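Q: Have a look; sequence and predicted model below, questions after that.
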Amino acid sequence: MQQQRFDLVLRGGHVADPANGTDAVCDLGLRQGKIARVAERIDDELADDVIDVAGKVVMPGHIDTHAHLSGPFDQSGTRAYGHVMLAESGTTTALDLAGEPGALAEGMKRKGAGMNVATILGLVPHLTVKEDDPSVATMRDTVADALDGGAIGVKLLGGYHPFTPESTSQVIAAANEQLAWVAFHVGSKDSGSDLNGLREVPEITGNGRLHVAHINSYCRGLVENNLAECDEAFEILESKRSQFVTEAYLAQVNGTNGKCDEDGNLIYNVAQNCMRARGYATTDAGMRQALLDGYGGALTERGGRIVIVTGEEAVRIWEEKSTDASLSFPVNPATSAFSLTTAKYDDGEFKVDAISTDGGSLPRNVAIERTMALVRFGALSLMEAATKLTYTPSRMLGLINKGHFSEGADGDVTVIDSESGKAAMSFVNGEPIMINGRVVGSGGTWLVKQEGEKAAAASGLPYEIIDLEQSKLYAGWQ
Ligand SMILES: [Zn+2]
């Protein structure tokens, strides 16, 4: 019998594959873009190429369930820088969580890094949805159009463009009806982007299904002590355990916008909260002082990446954009991140499904690095790290061929340097997209629902149709 050959063998890494219970030094063989074998030893003679990954961790590719790669308010295409930034950190698949499908496809063609990417449409009144507090009928059309355009769902931007609780409920119902993804940065016109916003979510969701975006953002100590907020967040998640999926990101810095109205008051709730957290006024004067003091920074493009600059340079950028500038503040307590990332139910499942970046074009793509720091600290095992970085995210999105190394699974792999905790290389469909921190991939595969097939085909990009009926979000949904 002729022995099977491999296009590539990753030799001697520590393979972490929770779905198959593999937690050992092994060789990983890939063939025709798929996982072909995990074995103690694969002969050199059977491989067309061998890469020595001894001393490194080899896990199924990181699936980021909260990234930013396009956006309805991103006319200049700044967010497209996120492809390279995310791929540099080891991610292979991303959900662009408040995007615009046309902009995503364009960005992926021009600046893509070879990742698999799905997007959901950010709901901005009078820009992507025709009315403030959209009605059921409007939302049905908006969701249907978003799916046709190649998005897999919609995002409620409660921290920036909140709707009434009633309208928010209708958005969720309209998305659920069409088995569309629906994510909620919490906050309504009655609450804010904080624990009070989260407290409304069970009632707003009713019997529906919802991705509660970045649960850590409501545990910043604005309403109660931050660890008490984590405990309450857990109770809320548990009360809707079969209806919610959620993720937390591990960066200290957030992302916000410093836009002020004619009277010099900060418009957005998230930016106001950043000022309140350190006792600054929620005005242009407060913001100017906060930036000058180096408390936060402004985002700007440099060398094909988005970076954060501080002090007078930050003020200058904010003023040049007439205050409508992307800013960032260190408002995420490490103790909340730790609690939210490690907490489990009695049955052993994690209370927070996944570790995300909330990055991409926001320079905080630290999911892998910080998760590995928790492994070194002893707070997570390597298998638990792989569970939260890739296996559970694959289940969340219904990407059944990803997140594991079963024979025939997609050849998506992230290789991590055990010492630095940083990704050393990554592969999508068996092809390298990043080597030693340098992106070598381009373009990307657009993940769409069936409804989006025409748009995806017209884009000229490779695409795959995903089935959200297989997703954890819609598990058991009638
Ligand atoms: Zn986000």
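A: Perfect, thanks for sending it. These figures come from a predicted structure and were not determined experimentally.
Q: element containing Glu319?
A: helix 311-320 (DSSP states H and E).
Q: next one: that helix to chain centre, how far?
A: 28 Å (Cα atoms, centre = their mean, to the nearest Å).
Q: For the next helix or strand after it, which strands pair with it and how are they oriented?
A: Counting by DSSP H and E, the next helix or strand C-terminal to helix 311-320 is strand 326-328. Paired with strand 326-328 in the same sheet, following DSSP bridges, are strand 256-257 (antiparallel), strand 297-302 (antiparallel).
Q: How about whichever helix or strand comes after strand 326-328, which residues are buried there?
A: For strand 326-328, the following helix or strand on the C-terminal side (DSSP H and E) is helix 334-342. If you call a residue buried by 16 or more other Cβ atoms under 10 Å, then helix 334-342 has these buried ones: 336-342. In short, each C-beta sits where N, CA and C put it, glycine included.
Q: With respect to Lys130, which of the residues you listed is nearest?
A: If you rank those by distance to Lys130 using Cβ to Cβ, Leu340 comes first, at 36.2 Å.
Q: What does the pLDDT read for the closest one?
A: For Leu340, the model assigns a pLDDT of 98.
Q: Quick check: the gap between the nearest residue in space to it that is not next to it in sequence and Thr371.
A: Beyond its immediate neighbours in the sequence, the residue positioned closest to Leu340 (Cβ to Cβ, 6 or more residues apart in numbering) is Ala248, lying 4.3 Å away. Per Cβ to Cβ, to the nearest Å, Ala248 is found 11 Å from Thr371.
Q: Please identify which of these two sits among more neighbours.
A: Per other Cβ atoms under 10 Å, whichever of Ala248 and Thr371 has more neighbours is Ala248, with 29 against 23.
Q: thinking that one is in contact with Thr342, fair?
A: No - with contacts counted by Cβ atoms under 8 Å, Ala248 stays clear of Thr342, the gap being 10.3 Å.
Q: Is Trp446 in a helix, a strand, or coil?
A: strand (DSSP: H, G, I helix; E, B strand; the rest coil).
Q: For it, list each beta-bridge partner.
A: With DSSP bridges as the rule, Trp446 is bridged to Val117, Tyr463.
Q: Ok, Ala354 next?
A: Glu247.
Q: what about it, how many residues close to it?
A: Neighbours of Ala354 (other Cβ under 10 Å): 28.
Q: For Ser239, see how far away it is.
A: For Ala354, the distance to Ser239 - Cβ to Cβ - is 20 Å.
Q: just Ala103 next, same as before
A: With Cβ to Cβ as the criterion, Ala103 and Ser239 are 36 Å apart.
Q: Of these two, which one has the most company?
A: Set Ala103 next to Ser239 and count neighbours by other Cβ under 10 Å: Ala103 wins out with 20 against 11.
Q: which ones are touching the closest residue to Ala175 other than its chain neighbours?
A: The shortest distance from Ala175 to any non-neighbouring residue, by Cβ to Cβ, 6+ apart, is to Val182 (3.6 Å). Neighbouring residues of Val182 by Cβ atoms under 8 Å, 6 or more residues apart in numbering: 120, 153-156, 171-172, 175-176, 209-211.
Q: swap in Gly77?
A: Counted by Cβ under 8 Å, 6+ apart, Gly77 has contacts 103, 106-107, 110-111.
Q: how close does it get to Glu301?
A: On the measure of Cβ to Cβ, Gly77 and Glu301 end up 10 Å apart.
Q: okay, Gln2: pLDDT?
A: 60.
Q: roughly how far apart are the closest residue to Arg376 other than its chain neighbours and Phe377?
A: Leaving aside its chain neighbours, Arg376 sits nearest to Gly421 (7.0 Å; criterion: Cβ to Cβ, 6+ apart). According to Cβ to Cβ, Gly421 stands 11 Å off from Phe377.
Q: which of these two has more neighbours?
A: The neighbour comparison of Gly421 against Phe377 (other Cβ under 10 Å) goes to Gly421, with 19 against 10.
Q: That one reaches Ala367, doesn't it?
A: No - Gly421 is beyond contact range of Ala367, at 10.8 Å (criterion: Cβ under 8 Å).
Q: if we can go back for a sec, next one, pLDDT for the residue nearest to Leu340 please.
A: 98.
Q: list the contacts for it?
A: Counted by Cβ under 8 Å, 6+ apart, Ala248 has contacts 214-216, 337, 340-341, 352, 354-356.
Q: Would you mind measuring from Pro18 to Leu123?
A: 35 Å.
Q: More neighbours: which of these two?
A: Legend: neighbour count by other Cβ under 10 Å for Pro18 and Leu123, higher for Leu123 (26 against 23).
Q: Could you tell me how many residues sit around Ala385?
A: Counted with other Cβ under 10 Å, Ala385 comes out at 24.
Q: From Leu447, how far off is it?
A: 24 Å.
Q: Likewise for Glu301?
A: In terms of Cβ to Cβ, Glu301 sits 27 Å off from Leu447.
Q: Grab the nearest non-local neighbour of Gly122.
A: Ala98 (3.5 Å).
Q: list the contacts for Leu10?
A: For Leu10, counting by Cβ under 8 Å, 6+ apart, the contacting residues are 27-28, 30, 51, 53, 58, 413, 415.
Q: If we use 7 Å, what do you get?
A: 27-28, 51, 53, 58, 413, 415 (Cβ atoms under 7 Å, 6 or more residues apart in numbering).
Q: if I pick the residue nearest to Ala409 when sequence neighbours are not counted, what's in contact with it?
A: With Cβ to Cβ, 6+ apart as the criterion, Ala409 has its nearest non-adjacent residue at 4.4 Å, and that residue is Ile35. Counting by Cβ under 7 Å, 6+ apart, Ile35 touches 405-409, 411.
Q: ok, so of these, who is nearest Asn269?
A: Once Cβ to Cβ is applied, the member of the contacts of Ile35 that ends up nearest Asn269 is Ala409, at 41.6 Å.
Q: How about the secondary structure of the closest residue to His126 other than its chain neighbours?
A: Distances taken as Cβ to Cβ, 6+ apart place Asp132 nearest to His126, at 7.3 Å, with adjacent residues excluded. With three-state DSSP as the basis, Asp132 sits in coil.
Q: ok, so what distance separates Asp132 from His161?
A: Counting by Cβ to Cβ, the gap from Asp132 to His161 is 8 Å.
Q: With Thr341 instead?
A: From Thr341 to His161 the distance is 29 Å (Cβ to Cβ).
Q: likewise His185?
A: 10 Å.
Q: Which one's more surrounded, those two?
A: A count of neighbours by other Cβ under 10 Å puts His185 above the other of His185 and His161, at 25 against 22.
Q: so the residue lying closest to Ile51 once chain neighbours are set aside bridges to which residues?
A: Distances taken as Cβ to Cβ, 6+ apart place Leu10 nearest to Ile51, at 5.5 Å, with adjacent residues excluded. Following DSSP bridges, Leu10 is listed with bridge partners Leu28, Ile51.
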